[in-house]
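Visitor: 3D model of this:
(one chain, ligands or ions: 3)
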Amino acid sequence: MKCRVCRGPAVIDLPRHNANFCGEHLVEFCHRQVEKAIAHHDMFEPGDRLLLAVSGGKDSLALWAMLRELGYDVDGLYVGLGIGDYSDTSGRHAREFAQQRGLVLREVDLRDSYGYDIATAAEQTSRKPCSACGLSKRHVFDSEAVAGGYDALVTGHNLDDEAAVLFGNMMRWNVDYLGRQSPVLEAHGGRPRKVKPLVRLSERETAAYCLVAGIDYVVQECPMAEGNRHLSYKATLNDLEVESPGIKANFYLSFLARGLPLFEPAAHTERAALARCSTCGAASPSSTCAFCRLVERLQQTPEETP
Ligand code: SF4
Ligand SMILES: [Zn+2]
Ligand SMILES: [Zn+2]
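Guide: Numbers count the residues shown, from 1 in each chain. Ligands and ions are numbered 1, 2, ... in the order given. Predicted structure coming up:
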């Protein structure tokens, strides 16, 4: 297997691009895809201050490295979720990555700042762990990005993530969600501008990038992911991809070009009608946002002592 560019030994084959790359040209390919996403969707400019949500996994660390290599000014934000070993290991990888490169990593621990962790939230409310976790992370990401005066909040969602979310939204025809599934969401109602520069790269490509770039990341899966529907959507899309290389990228990127504009107007109208949460001030369909309701409820429910 030879690299398409230099004919040296290749480290990865990419059937959807009908190409194989050596380490050096894989890095070049990844940079090109990230730059293309940033430029095509007008995500941000050199000189903007960016805050990247860092989980300690391959996508966020690969993106941090790539954005720095491309010359962007990026700080990291790690949220301590309190999920046992998984959180300990992921936090360690995020901290080591930042320390080794002299980068700024901000940290917020849910238990220290809000008095709960994800296991407690799942046990004491009717929410599934991933739902409580997603809600908590979104709130912390948004409030830290706004409080820190950053120009955009950056997340490491990749092509597989976005295609799986799109698949799920289409299976249920969640038109509100479809109208908001853009890799760029403008700032509104106390929430920051949000961007996803990895949408043109797959999980396999970011994992290969980490291997070539010598980035250590948490390999262990989150123990609370079990039953998360997105995993089965990803598996279904991967089966289709084996049969027809490129179909996953086509599904998602063609949606952005041709489907999203059909759903966006309704999402804009809905967003314009949002109120502000009386507790945290963020845009919300009700007078108290879902996050503040979760925190209130957990504060009212005493934790069981062993
Ligand atoms: S799998 Fe679910 S609980 Fe675990 S980190 Fe992801 S969203 Fe949170
Ligand atoms: Zn090469
Ligand atoms: Zn609130």
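Visitor: now do the helices in the stretch 151-300 of the chain.
Guide: Here the stretch 151-300 of the chain has its helices, by DSSP state H, counting those that start in this stretch, at 159-172, 175-179, 203-213, 229-243, 247-254, 260-272, 290-300.
Visitor: redo those as JSON lines? Include distance to Asp73 and mean pLDDT.
Guide: Where C-beta positions appear, they are placed from N, C-alpha and C, glycine not excepted. Shown next, in JSON lines, are the helices of the stretch 151-300 of the chain (distance: least, CB to CB, whole Å; pLDDT from 0 to 100):
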{"stretch": "helix 159-172", "distance to Asp73": "25", "mean pLDDT": "97"}
{"stretch": "helix 175-179", "distance to Asp73": "31", "mean pLDDT": "93"}
{"stretch": "helix 203-213", "distance to Asp73": "20", "mean pLDDT": "97"}
{"stretch": "helix 229-243", "distance to Asp73": "31", "mean pLDDT": "95"}
{"stretch": "helix 247-254", "distance to Asp73": "28", "mean pLDDT": "98"}
{"stretch": "helix 260-272", "distance to Asp73": "28", "mean pLDDT": "91"}
{"stretch": "helix 290-300", "distance to Asp73": "28", "mean pLDDT": "93"}
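Visitor: out of those helices, nearest to ligand 2?
Guide: When the helices of the stretch 151-300 of the chain are compared for distance to ligand 2 using CB to the ion, the nearest one is helix 203-213, at 11.2 Å.
Visitor: and the closest one, how far from the chain's centre?
Guide: Distance, stretch centre to chain centre, for helix 203-213: 16 Å (CA atoms, centre = their mean, to the nearest Å).
Visitor: what's that helix in contact with?
Guide: 11-12, 14, 23, 26-27, 29-30, 33, 58-59, 61-63, 65-66, 156, 158-161, 198, 201, 215-217 (CB atoms under 8 Å, 6 or more residues apart in numbering).
Visitor: export that helix as PDB, just CAs?
Guide: In PDB, the C-alpha atoms belonging to helix 203-213 read as follows (Å, rounded to 0.1, in the frame of the first residue of the first chain):
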ATOM      1  CA  GLU A 203     -13.300   8.800  13.700                       C
ATOM      2  CA  ARG A 204     -10.900   6.500  12.000                       C
ATOM      3  CA  GLU A 205      -9.100   9.500  10.400                       C
ATOM      4  CA  THR A 206      -8.700  11.400  13.700                       C
ATOM      5  CA  ALA A 207      -7.600   8.200  15.500                       C
ATOM      6  CA  ALA A 208      -4.900   7.700  12.800                       C
ATOM      7  CA  TYR A 209      -3.900  11.300  13.100                       C
ATOM      8  CA  CYS A 210      -3.400  10.800  16.900                       C
ATOM      9  CA  LEU A 211      -1.300   7.800  16.200                       C
ATOM     10  CA  VAL A 212       0.900   9.600  13.700                       C
ATOM     11  CA  ALA A 213       1.200  12.700  15.900                       C
END
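Visitor: please list the residues of the stretch 151-300 of the chain that sit near ligand 1.
Guide: 222, 224-225, 228 (CB under 6 Å from any ligand atom).
Visitor: out of the contacts of helix 203-213, which are buried?
Guide: 11-12, 14, 23, 26-27, 29-30, 33, 58-59, 61-63, 65-66, 156, 158-161, 198, 201, 215, 217 (16 or more other CB atoms under 10 Å).
Visitor: out of these, which sit inside strands?
Guide: Among these, DSSP state E puts 12, 14 in strands.
Visitor: can you narrow the buried ones among the contacts of helix 203-213 to ones near ligand 2?
Guide: Among the buried ones among the contacts of helix 203-213, no residue lies close to ligand 2 (CB under 5 Å from the ion).
Visitor: look up how far ligand 1 lies from Val11.
Guide: In this view, Val11 and ligand 1 are 29 Å apart by CB to the nearest ligand atom, to the nearest Å.
Visitor: if you could redo that for Asp151, that was the one I meant.
Guide: Taking CB to the nearest ligand atom, one finds Asp151 at 26 Å from ligand 1.
Visitor: the closest residue to that residue other than its chain neighbours - how many residues pack around it?
Guide: Distances taken as CB to CB, 6 or more residues apart in numbering put Asp48 closest to Asp151, at 3.9 Å, once the chain neighbours are dropped. Using other CB atoms under 10 Å, Asp48 is surrounded by 15 other residues.
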